[in-house]
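Asker: pasting the sequence and the predicted model now:
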Amino acid sequence: MKVVKAKDGKCCLTQVPVPEVGPREVLIKVYATALNRADTLQAAGKYPPPPGTTDVLGLEASGEIVDVGPQCVNGLKEGDK
């Protein structure tokens, strides 16, 4: 899958494997995303990501749920947009 990561102080599009969904997570096929100021500051090394998050940039996204972890109990299901 394609993601935006920081490289040499810039935001760069790169290819990574599709992650496996965790027990309390959902996997979303993203149709649209955006980078904001926090993302550009993070890429420049001026805004650390919160502990436990990935290095993939982009705080906003919309799309379709394609996988749901077995411990998700909030009613989300595959196909939800």
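Answerer: Ah, there it is.

Asker: okay, and the beta partners of the residue minimising distance to the centre of the chain?
Answerer: By CA atoms, centre = their mean, the chain has its centre lying nearest to residue 56, at 5.8 Å. Beta bridges link residue 56 to residue 5, judged by DSSP bridges.

Asker: for the one 5 residues further on, same thing?
Answerer: Taking DSSP bridges, one finds residue 33 as the beta-bridge partners of residue 61.

Asker: pLDDT wise, what is it at?
Answerer: Here the pLDDT value assigned to residue 61 is 91.

Asker: can you check the one 4 residues further on too?
Answerer: At residue 65, the pLDDT value in this model is 97.

Asker: now the host helix or strand of it, how far from the centre of its chain.
Answerer: In the assignment (DSSP states H and E), residue 65 maps to strand 60-68. Distance, stretch centre to chain centre, for strand 60-68: 10 Å (CA atoms, centre = their mean, to the nearest Å).

Asker: contacts for it?
Answerer: 21, 26-34, 36, 76-81 (CB atoms under 8 Å, 6 or more residues apart in numbering). Where you see a C-beta, it was placed from the backbone N, CA and C, and this is true even at glycine.
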